[in-house]
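**Student:** Could you work out the structure for the sequence below:
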Amino acid sequence: MNPRRSNSSLPKPGRSAYGVASAAVLVLIPVVVLVGGSQFREFLNFGAGVLSLVSLSCSVIWGLVAQDRIFLNTRQRIVGQAVHRTTAVASIAFLLLHITTKIALDHTQLIAAVVPFSLGVTGSAGLIGLGSVAGLLMIFVGVTGALRSNFATP
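**Tutor:** Predicted structure coming up:
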């Protein structure tokens, strides 16, 4: 008997199964926000944005660390890149949680998250506009980072 063989005869889920699960979670977030208690809503209202910012900062730091070729060996750089990718994905996940929480709690409108400064440029509408610009840039950087291997030439 080969010890490397899996005993499970069940097929492993593919990327589409993970995509469907992710979409289901994103759809359920507003329901959880509305059904959950006030403390949970307040945590998501404030915490998701903070966690997104902290994860993005960690992603940038680990991306810089992972590029070091003087002090780190190959294995350490690969670990650094893995941490960089994980924190980048976490930052985008927390960003989406932050956006859906703000929309579910009626702190802003969907159009404000998609079109920057659609509510105006002064007061809280201007701050929401700056946030939507930052969020769209984050998503753009995440998508281009995920597609980076497609841009490279052999």
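**Student:** Could you identify the longest helix within this structure?
**Tutor:** Criterion DSSP state H: the longest helix present in the chain is helix 74-104.
**Student:** chain center to it: distance?
**Tutor:** The chain centroid and the centroid of helix 74-104 are separated by 5 Å under C-alpha atoms, centre = their mean, to the nearest Å.
**Student:** ok, residue 110 touching residue 104?
**Tutor:** No. Residue 110 is beyond contact range of residue 104, at 10.5 Å (criterion: C-beta atoms under 8 Å). C-beta: built from backbone N, CA, C; applies to glycine.
**Student:** Looking at those two, which one has more neighbours?
**Tutor:** Here residue 110 and residue 104 are compared on neighbour count by other C-beta atoms under 10 Å; more neighbours surround residue 104, at 17 against 12.
**Student:** Pull the contacting residues for residue 65.
**Tutor:** Contacts for residue 65 (C-beta atoms under 8 Å, 6 or more residues apart in numbering) come out as 72, 80, 84.
**Student:** My read is that the second one contacts residue 71, right?
**Tutor:** No. Counting by C-beta under 8 Å, residue 71 is not a contact partner of residue 80; they are 11.1 Å apart.
**Student:** Show me which of the two is the more surrounded one.
**Tutor:** residue 80 (19 against 8).
**Student:** any idea how far the more buried one is from residue 94?
**Tutor:** As judged by C-beta to C-beta, to the nearest Å, residue 80 and residue 94 stand 21 Å apart.
**Student:** Report the contact partners of residue 101.
**Tutor:** 29, 30, 33, 41, 44, 45, 48.
**Student:** Turn the contacts of residue 65 into TSV, columns for pLDDT.
**Tutor:** Putting these into TSV (pLDDT from 0 to 100) gives the following:
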residue	pLDDT
72	87
80	91
84	92
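**Student:** Nothing else from me, thank you.
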